[in-house]
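1. Fold the stuff below for me.
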Amino acid sequence: MPTAPPQHSPAQSAEPDRRGPVIPAREELVMLETRADIIERIGDALHRAYEELVHEPTPERWIELINRLNEEEVVQRDRSVSDDSSR
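-> Coordinates of the predicted model:
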């Protein structure tokens, strides 16, 4: 009974792979298009859902917090500069 020749994996083969570019099957292309459509629809839905929120003014408490943090950063930077100059 004849036996089939042993199969070699690409990692074992010394010859370069000459199959050319891999072209996805039609089903895979349809799936990719469907995936892209789904992602686009999700993006559109999120955009509509948060459009109003994006245009709301920043809460006053956040502005106060940001200003306070900026002031603390300036004070720390000034301390660092004065410490470096005294050395």
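
2. Name the spans of the protein whose pLDDT lies under the cut-off.
-> Within the chain, the segments meeting pLDDT under 70 span 1-17, 24, 28-31, 87.

3. let's see it at 90
-> For the chain, applying pLDDT under 90 flags the ranges 1-36, 53-54, 79-87.

4. quick one: the helices in it?
-> Remark: helices assigned in the chain by DSSP state H are 26-54, 60-85.

5. just so I know, which of these lies nearest Arg19?
-> helix 26-54 (16.8 Å; Cβ to Cβ). C-beta coordinates here come from the backbone N, C-alpha and C atoms, glycine included.

6. buried stuff in that closest one?
-> By neighbour count with 16 or more other Cβ atoms under 10 Å, helix 26-54 contains no buried residues.

7. now that helix: how far from the chain's centre is it?
-> Chain-centre distance of helix 26-54: 16 Å, with Cα atoms, centre = their mean, to the nearest Å.

8. Which residues are in contact with the residue minimising distance to the centre of the chain?
-> Computing the C-alpha centroid of the chain and ranking residues by Cα atoms, centre = their mean puts Ile39 first, at 14.0 Å. Listed by Cβ atoms under 8 Å, 6 or more residues apart in numbering, the contact set of Ile39 is empty.

9. What distance do you get for it to Arg61?
-> From Ile39 across to Arg61, the span is 35 Å (Cβ to Cβ, to the nearest Å).

10. Likewise for Leu32?
-> For Leu32, the distance to Arg61 equals 45 Å [Cβ to Cβ].

11. same question, Asp44
-> Using Cβ to Cβ, Asp44 is found at 32 Å from Arg61.

12. Next, Pro59: phi, psi?
-> Torsion angles at Pro59 (phi, psi; degrees, to the nearest 10) stand at phi -60, psi 140.
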